[in-house]
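**Q** Show me how the following folds:
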Amino acid sequence: MDLELRHLKIVRAVADAGSLTRAATVLGLAQPALSTQLKRIERVLGGTLFVRGREGVRVTALGELVLERARVLLPAVCELQEDARRFARQDAHGYRLGGTHGPLLGGLVDRLAHHEPGVPVTTYTSWSEKEVAGGVADGRLDFALVGVCGESAPPEPGRLAWMEVARDPVYVMLAEDHPLALAARTEIDLAELAAEAWTDVPGDGCFGDCFAAACVRAGFTPACVYETDTASCVHLVQVGRAVGLCRATFPATPGVVTRPLAGAPLVWRHLLGWHPAARAAARAADVLAHARAAHAEALGRSAGAPALRAGPARRAAPWTAA
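**A** So this is what the prediction gives:
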């Protein structure tokens, strides 16, 4: 019998668990079967790896040597498998885009399709920024178009390269007959909305916590927050059931008025991410330029455009893979 990677996984599992019983549970094996496997491995390696005792197992000097090598080899092989899968999945002549809710993904698709007719563009959407970033990290997607709150780190910061597309203040959505909308105010203080119910879309970033903290700074705690899809958020605002939070790129919508919050207590950063070792990385600069143009176009169509025309969105330094 030759030594295989699965044998090293067994040795590592026994050492990590500290007993054959616990290791068998982790590996999904019966304990007698694991004991037999371990004896075969020890015969191949020429010596005892573990000393069995009433309180578990103790690693021998030979076992320490094998574990030291296993802890180098197993992660390296795992990384090789990930890189191979990523390479095999990549399409050098197409774009696989992932994104969360918002108008920028559609705008990016439109621009890529217009500038490179005939080149396939596929999309994947999720409420989860982490899920979209994970798709890029493991090679299922080429680019991730997501957003984060304020200066928060993007998902997968150690594996993906990130560049800022744009940075916008968060707006509030009001029914067109809401008193603050009828007052034709150019901006609204968050404290003026203390008595309102709120609605927002879900996500797994820190935006909910940032919003709650901004409300506390304004002197109140939101009494009610309806977390639901975009269409339902808009409906709740239109009928006056709640006020909503939206990005500055939110398109003009019948029955809804958007206004910036005074002092910009919440900021949304649009980010584009990719894996620096993927073939798609060579196209990142072009895709980033298209994403920024798509943001400018979305902003021009939005209800909040006049308030942001005083200057371009500030762009921060890039996030890069470690």
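
**Q** who are the neighbours in contact with the residue nearest to Arg111 when sequence neighbours are not counted?
**A** Nearest residue to Arg111, sequence neighbours excluded (Cβ to Cβ, 6 or more residues apart in numbering): His290, at 4.3 Å. (Glycine included, C-beta is placed from N, CA and C.) His290 sits next to Leu108, Arg111, Leu112, His115 when contact means Cβ atoms under 8 Å, 6 or more residues apart in numbering.

**Q** Just the CA trace of the longest strand anywhere in the chain, in CSV.
**A** Ranked by number of residues, the top strand in the chain under DSSP state E is strand 161-175. Extracted C-alpha coordinates of strand 161-175, given in CSV (Å, rounded to 0.1, in the frame of the first residue of the first chain):
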residue,chain,number,x,y,z
ALA,A,161,-8.7,42.3,-5.0
TRP,A,162,-11.3,45.1,-4.5
MET,A,163,-11.6,48.5,-6.1
GLU,A,164,-14.2,51.2,-5.3
VAL,A,165,-16.6,52.0,-8.0
ALA,A,166,-18.3,54.9,-6.2
ARG,A,167,-19.3,56.2,-2.8
ASP,A,168,-22.8,57.6,-2.2
PRO,A,169,-24.7,58.9,0.8
VAL,A,170,-27.6,56.8,1.9
TYR,A,171,-31.0,58.4,1.2
VAL,A,172,-34.4,58.1,2.8
MET,A,173,-37.5,57.2,0.8
LEU,A,174,-40.8,58.9,1.6
ALA,A,175,-44.3,58.7,0.3
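
**Q** how far does the helix or strand just after it sit from the chain's center?
**A** Downstream of strand 161-175, the first helix or strand assigned by DSSP states H and E is helix 179-182. Centre-to-centre, helix 179-182 and its host chain are 36 Å apart (Cα atoms, centre = their mean, to the nearest Å).

**Q** Give me the helices and strands touching helix 179-182, please.
**A** Contact analysis of helix 179-182 by 3 or more Cβ pairs under 8 Å, 6 or more residues apart in numbering; DSSP states H and E lists strand 161-175, strand 256-260 as its packing neighbours.

**Q** report the angle between the axes of the longest one and strand 256-260?
**A** In this structure, strand 161-175 runs at an angle of 120 degrees to strand 256-260, with axes from the mean of the first three to the mean of the last three Cα atoms, to 10 degrees as the basis.

**Q** Now do Asp286: how many residues are near it, please.
**A** 12 (other Cβ atoms under 10 Å).
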